[in-house]
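> This is a predicted model, with the sequence first.
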Amino acid sequence: MTQARSTLIVSGIQTLRAHGVYDLYSELLSPDLRQDMMSLVAGLWIPWTLALEHYRTMDKLALPKSTIETIGAEVAERGSKTTMTSLPSGTDRTPWRMLLMSHRNLDTNWKGSDMKVTKEGPRQAILVWAGQPCASVPYFVTSWGAFIRARTALYCTSASHRVLTEACTPTTIAIELSWV
């Protein structure tokens, strides 16, 4: 991993404000990086270390899992309005079509990692994201699972996910995703 898109961090910070935990977040940020984080604007490439600091600080908030998943889903919703992760109109709008775009979407937001999507059944996939240093942060893993579930739910009736902890490492996240 070399860089991350600031848009994800900015969306996360906006969501923190909506949940009333922004002040605590800013207090917990490393003093050396606080100014950098507070001056972020959407649409820039930032060093991956700044993204890692954001997610480590989010983890320090010790939010309940349900809140973390809500925040991840809200960031996905914000992103669906402003990024290229939505399927073009006129295409077959299914979770599989969305998953086929995983590499393009990954390249839009992260530089230097890779994702593998394995079809496990007609409505079930396993996503493995390798080379992601934020995978070492429990908040990030939980949030990303909810993020990808929310993205999938845009193209079906409902979706669910499960983190495959036995396949996760400090730089790899594995998620089982299913939908109806």
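Thanks, I have the structure now.

> Distance of the residue nearest the centre of the chain relative to residue 49?
When Cα atoms, centre = their mean is applied to the chain, the residue found nearest the centroid is residue 144 (3.8 Å). The gap separating residue 144 from residue 49 is 18 Å, by Cβ to Cβ, to the nearest Å. Quick note: C-beta positions are derived from backbone N, CA and C, even for glycine.

> and if you look at residue 124?
Using Cβ to Cβ, residue 124 is found at 35 Å from residue 49.

> Residue 104 too?
Distance, residue 104 to residue 49, by Cβ to Cβ: 25 Å.

> quick one: which of those two has more around it?
Shown here are residue 104 and residue 49; by other Cβ atoms under 10 Å, residue 49 has more neighbours (14 against 10).

> List of residues touching the helix or strand where the more buried one lies?
Secondary structure from DSSP states H and E places residue 49 in helix 48-60. Contacts of helix 48-60 with the rest of the structure, by Cβ atoms under 8 Å, 6 or more residues apart in numbering, involve 1-4, 8-9, 12-13, 16, 25, 28-30, 33, 36-37, 68, 110, 112, 133-134, 137-140, 143.

> Restricted to helices, list those.
8-9, 12-13, 16, 25, 28, 36-37, 68, 138-140, 143 (DSSP state H).

> most neighbours, which of those?
Busiest of the ones in helices among the contacts of helix 48-60 [other Cβ under 10 Å] is residue 143, holding 29 neighbours.

> So it is in contact with residue 69, correct?
Yes. Taking contacts as Cβ atoms under 8 Å, residue 143 lies within contact range of residue 69: 7.2 Å.

> Residue 25 reaches residue 13, doesn't it?
Yes. With contact defined as Cβ under 8 Å, residue 25 reaches residue 13; the gap is 7.4 Å.

> how about the strands of the protein, start to end?
3-5, 45-47, 110-111, 114-121, 124-130, 159-163, 172-179 (DSSP state E).

> Now tabulate those strands in JSON lines and tack on mean neighbour count and distance to residue 53.
As requested, these are exported to JSON lines (neighbours: other Cβ atoms under 10 Å; distance: least, Cβ to Cβ, whole Å):
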{"stretch": "strand 3-5", "mean neighbour count": "22", "distance to residue 53": "11"}
{"stretch": "strand 45-47", "mean neighbour count": "15", "distance to residue 53": "9"}
{"stretch": "strand 110-111", "mean neighbour count": "18", "distance to residue 53": "15"}
{"stretch": "strand 114-121", "mean neighbour count": "13", "distance to residue 53": "23"}
{"stretch": "strand 124-130", "mean neighbour count": "18", "distance to residue 53": "19"}
{"stretch": "strand 159-163", "mean neighbour count": "17", "distance to residue 53": "22"}
{"stretch": "strand 172-179", "mean neighbour count": "20", "distance to residue 53": "18"}
